[in-house]
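Predicted model and sequence below, questions to follow.
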Amino acid sequence: MSQANQTLTYLFAEMADVLEILGVDRFRVNAFRRASRVLDGLTDDIASIGPDIKALTGIEGIGRGTAQRIAEFLETGNISDRGELMSQIPGGLIELLSIPGLGPKTIGLIWKQAGVESLDDLKEQLQHDDLAELPGLGPKKLENIRKSISFSESSGDRVHLGTAMSLARWFVSKFIEFDDVQQVEYAGSLRRGQETIGDIDLIVAADPKSAKTISNAFKSLPPVTEVLVNGTTKTSVRTTDGLQVDLRIVPPESYGAALMYFTGSKEHNIVMRQRAISRKMRLNEYGLLKGKMTVAGRTEKEIYRALDLAPIPPELREDRGEFNLAESDELPALIKLSDIRSELHAHTTASDGKWTIKELALAAAERGFHTIAITDHSKGQAQANGLTNERLEQHILEIRQVADQLKKKITILAGSEVDILSDGKLDYPNSLLEQLDVVVASPHAALSQDPKKATTRLMQAIDNPHITILGHPTGRLLLRREGLSPDMRQVITAAYERGIAIEINANTWRLDLRDTHARAAIEAGVKLAINTDAHGPGDLDQLLYGVVTARRAGATKHDIVNCLSREALNRWIKGTK
DNA sequence: GCCGTTTTCGGCCCGACTGTTTTCAGTCG
């Protein structure tokens, strides 16, 4: 994301937090939150739109007030009434909002009535029970806050998509075995395929009479370490890896409504509700209702239809334009896992992989792929046993040999994941690169260089006549390191002009390109490659996360080179040279 | 603060659970 978008996303979210603690009306707070969210999801660099009030208010969710603040920021680097706002509360209060169970009202209360100005203040006050004297607070609430603080200090609060998906699928497989369970699915941000996940939502359809039995069985499953909420339709637990799992049990006739409701996103749901209201109906987690009559609720599909919409896939439910498409029945036919027919980025024992060339090729063939590109690291990646020029030449010969042996099973391409050095040069000379079928060029080092340098670096790499795919362009590692922040518009334009593909690296640590950038690439007509960057057994399974990310970007199989037939892929690769 | 084939004013999503209460406010999703 561009620097300005990122900063403004943060500033508006922070202003919303302050307003919330100050207790101004929630609609103003919501307006700031929405502005923040819109900026976060914006594919255009806000700086390139410029301080033009008319253009800014043209963006959905940005009104006059927000536009003026953005314009001021773009011109001066500052939002003047933000300073005024910030001076009204102690800065240390904002982080208290991230403590589960502690909301803006309570924070305002303990600040005004007990002088709490920071997390440290709060922890000190929690050592005794004086806060329990305040209205609305009691010993139990204080105990919950103590627990929340110590929990959040002992573990990060989000996990990778892959981690959450594995756990969720395990729970789903357990629920399927229960006799009383008629249907079960995971919902929430996991079902929408977000890159990191805060908790898991499970929706079960069952006769209300058996809810108690199901809930009890859930609480006694092995990964459950603690029960957080214990109601008749809702049960929340904490699991061994610290993840919260929420279970909702609904009658079968409400299953679709509940699944939709808890899949979200919140923003998508709000629009759905408004649609219902404008049609004199009501939508909640039990169904779409007209007066006392249920219009729809058993499936998501029937609810969308009843609101004059084509069914919207979970990955698109972010209120980022999906409603217009669904209204006119123009939703893209999103790519499916089974559409992927090739892997163009994988490693072997020659560098840091665990498979030999043959093992990797057979694993790819086993998946039904028609083509696999062997792309080991280049020499700059010494820690990953990157190949020197001489070793690469030797490696190419070996790949050709195995390719010949296995030619009836799968097409093996000789490639390299060549380092994009910090100055944009590639780690092998062109004389060597031209011997390869596929060149995936990716940044691995100098990942904290400034955005300008990063942009120039990637642009220069794209200019190389031998590059086929720009690999994990930012080099980010989710929940660990930010990676590069190049001007993605420029990079995308350059990739388009050069006719090369940009990678969505499917590894759950990377998901790089991220969804919004992938969307911008598709809109610009750039082809994407979804690659697992496989290093050994199991890694090809990560493909799903790349597909999900592509789906969030609105990708069809026509946008993804891995979906091409063997012959078409071959032609496309030749066309990049 | 945002938004508009009911509107430039008057709305803005809604139900479950918990802990505090003794009918409800705060928080969450």
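That came through fine. Numbering: from 1, shown residues only, chains lettered A, B, ... in the order given.

who in the stretch 151-300 of chain A is up against DNA strand B?
Residues of the stretch 151-300 of chain A lying near DNA strand B by Cβ under 7 Å from any atom of the strand: A:188, A:198-199, A:201, A:229-234, A:244, A:246, A:262, A:266, A:269-270, A:273-274, A:277-278, A:282-286. C-betas here are computed from N, CA, C, even on glycine.

Now the buried members of those.
Applying 16 or more other Cβ atoms under 10 Å to these, the neighbour count classes A:Gly188, A:Asp199, A:Asp201, A:Gln244, A:Asp246, A:Phe262, A:Asn269, A:Arg273, A:Leu283, A:Glu285, A:Tyr286 as buried.

what's the closest non-adjacent residue to the first one?
Nearest residue to A:Gly188 in three dimensions, chain neighbours excluded: A:Asp201, at 3.7 Å (Cβ to Cβ, 6 or more residues apart in numbering).

In three-state terms, label the one you found for me.
strand (DSSP: H, G, I helix; E, B strand; the rest coil).

That one pairs with what?
A:Asp246 (DSSP bridges).

So which of the buried ones among the residues of the stretch 151-300 of chain A next to DNA strand B are in strands?
A:Asp199, A:Asp201, A:Gln244, A:Asp246, A:Leu283 (DSSP state E).

where does the spatially closest residue to A:Gly287 that is not a sequence neighbour sit relative to DNA strand B, distance-wise?
With Cβ to Cβ, 6+ apart as the criterion, A:Gly287 has its nearest non-adjacent residue at 2.9 Å, and that residue is A:Gly297. Going from A:Gly297 to DNA strand B by Cβ to the nearest atom of the strand, to the nearest Å gives 13 Å.

And for A:Gln383, the neighbour number?
10 (other Cβ atoms under 10 Å).

So A:Glu60 is in contact with A:Val38, correct?
Yes. The pair A:Glu60 / A:Val38 is scored as a contact, 6.9 Å apart, by Cβ atoms under 8 Å.

out of these two, which sits in the busier spot?
A:Val38 (22 against 10).

mind listing what the more buried one touches?
A:Ile59, A:Glu60, A:Gly61, A:Ile62 (Cβ atoms under 8 Å, 6 or more residues apart in numbering).

Quick check: which of those residues has the minimum pLDDT.
Taking those together, the minimum pLDDT is found at A:Glu60 (84).

For A:Val438, see how far away it is.
To A:Val438, A:Glu60 is 41 Å away according to Cβ to Cβ, to the nearest Å.

quick one, helices of the stretch 401-550 of chain A?
A:430-433, A:451-463, A:488-498, A:515-523, A:543-552 (DSSP state H, counting those that start in this stretch).

go on, the stretch 101-250 of chain A?
A:104-114, A:119-125, A:139-154, A:161-177, A:188-192, A:211-219.

in the third one, what's buried?
Going back to what we said before, that points to helix A:139-154. A:Lys141, A:Leu142, A:Ile145, A:Ile149, A:Phe151.

Not counting it itself, show me its contacts.
Here helix A:139-154 has contacts from A:98-102, A:119, A:122-123, A:126, A:129, A:131-132, A:242, using Cβ under 8 Å, 6+ apart.

hmm, which of those are the buried ones?
Counted by 16+ other Cβ under 10 Å, the contacts of helix A:139-154 give A:Ile99, A:Leu102, A:Leu119, A:Leu122, A:Leu126, A:Leu131 as buried.

give me the subset of these touching DNA strand B.
Counting by Cβ under 7 Å from any atom of the strand, the members of the buried ones among the contacts of helix A:139-154 near DNA strand B are A:Ile99, A:Leu102.

tell me which of the buried ones among the contacts of helix A:139-154 is nearest to DNA strand B?
Here the nearest of those to DNA strand B, counting by Cβ to the nearest atom of the strand, is A:Leu102; it sits at 5.7 Å.

just checking, that closest one touches A:Leu96?
Yes. Counting by Cβ under 8 Å, A:Leu96 is a contact partner of A:Leu102 at 5.9 Å.

Using the three-state scheme, assign A:Arg33.
helix.

Quick check: which element contains A:His395?
Assessed by DSSP states H and E, A:His395 sits inside helix A:389-405.

tell me which strands and helices that helix is in contact with?
helix A:357-366, strand A:371-377, strand A:411-419, helix A:430-433 (3 or more Cβ pairs under 8 Å, 6 or more residues apart in numbering; DSSP states H and E).

let's see 7 Å
Counting by 3 or more Cβ pairs under 7 Å, 6 or more residues apart in numbering; DSSP states H and E, the packing neighbours recorded for helix A:389-405 are helix A:357-366, strand A:411-419.

Switch these over to a markdown table; also include mean pLDDT.
Output for the helices and strands packed on helix A:389-405, formatted as a markdown table (pLDDT from 0 to 100):
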| stretch | mean pLDDT |
| --- | --- |
| helix A:357-366 | 96 |
| strand A:411-419 | 96 |
